[in-house]
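Q: Pasting the sequence and the predicted coordinates here, then a few questions.
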Amino acid sequence: MRDRLLSWRSLAWIGALVFLCLGAWWLRVPFLRAVGGFLVSTDAPEDVDAVYTLGGAGMERGIETARVMRAGWAPHAWFTGGNVPSALQVMGIAKVEAEVGLEAAVRAGMSPEQGDPLPVGTSTMEEALAIVAHAHAHGYRHIMVLSTRFHLRRVRYVFAPLCRQAGLTLTLHGAPSLMFDEVHWWRSEEGLLMVNNEYVKLLYYWWHY
């Protein structure tokens with residue numbers, strides 16, 4: 001009798017485990033989408049005094065900045081980033097991210113008179129400090145910060161308190177990725193790296209700042 005009871009218990013545990021595994025399998029796609037979706041923290045687009053496009057991913061951020069400027073949401077765009085992209089370093093081209101982003105936006109249709117480089121910042125925090133000071137010096141009251149969509153959660157974490165302290169209204173806008181399908185980010189190496197890096201950096205920023 002005892003052996004039979006143990007056998008039924010073992011079968012029950014196995015059945016529960018199988019059920020949980022099947023449930024996890026069926027729910028994997030919604031879960032993974034939520035993991036990526038959490039990183040996307042955008043605001044409704046609205047008119048602002050200036051756009052600040054962060055350094056890095058110059059092509060996709062530059063293209064989206066050109067679209068924002070064509071839509072007439074801002075009179076001027078500033079491009080930050082003091083790093084020289086590694087691909088340009090290999091070719092001996094000393095062009096920082098701010099210049100790369102501006103050039104990408106102009107190539108995508110933005111008028112050259114609508115943008116300027118602001119070649120400062122080698123991290124999101126450094127860019128945030130420089131942008132808030134720059135916006136204050138130019139008398140801006142409402143700014144848009146543009147970055148890659150999966151970067152925006154960390155951008156909000158860094159920028160929001162600084163902007164509140166400076167009396168600035170902040171709008172975040174995201175550039176869609178050109179490297180991977182954001183809805184199914186886990187299906188590509190680029191998407192996996194992006195999401196993994198952002199969660200690691202979020203943890204670092206939470207611990208460090």
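A: All right, it came through fine. Numbering: from 1, shown residues only.
Q: ok, now how distant is the residue sitting nearest the centre point of the chain from residue 185?
A: In the chain, the residue lying closest to the centroid (Cα atoms, centre = their mean) is residue 151, at 1.6 Å. Between residue 151 and residue 185 the distance is 13 Å, computed by Cβ to Cβ, to the nearest Å. Quick note: C-beta positions are derived from backbone N, CA and C, even for glycine.
Q: do the same with residue 73
A: From residue 73 across to residue 185, the span is 27 Å (Cβ to Cβ).
Q: repeat for residue 179
A: Look at residue 179 and residue 185: by Cβ to Cβ, they are 10 Å apart.
Q: So for whatever helix or strand residue 190 lives in, what gets flagged as buried?
A: Element membership of residue 190, judged by DSSP states H and E, is helix 189-208. Neighbour-count burial for helix 189-208, counted by 16 or more other Cβ atoms under 10 Å, picks out 191, 194, 195, 198, 199, 201.
Q: can you check stretch 139-155 too?
A: 140, 142-155.
Q: can you give me the strands in the chain?
A: With strands called from DSSP state E, the chain shows them at 50-53, 77-80, 115-118, 142-148, 169-175.
Q: and the gap between the nearest residue to residue 95 once chain neighbours are set aside and residue 103?
A: With Cβ to Cβ, 6 or more residues apart in numbering as the criterion, residue 95 has its nearest non-adjacent residue at 5.5 Å, and that residue is residue 88. Plainly put, residue 88 is 11 Å away from residue 103 if you go by Cβ to Cβ.
Q: and the buried residues of stretch 139-155, which two are the farthest apart?
A: Farthest-apart pair in the buried residues of stretch 139-155 is 140 and 150; separation 26.2 Å (Cβ to Cβ).
Q: From residue 191, how far out is residue 128?
A: 25 Å.
Q: Now for this structure, the helix or strand with the poorest mean pLDDT.
A: Every helix and strand of the chain was ranked by mean pLDDT, DSSP states H and E. The lowest is helix 2-26, at a mean of 48.
Q: okay, now the domains of this structure?
A: Listed by automatic domain parsing, the domain ranges of the chain are 2-37, 40-208.
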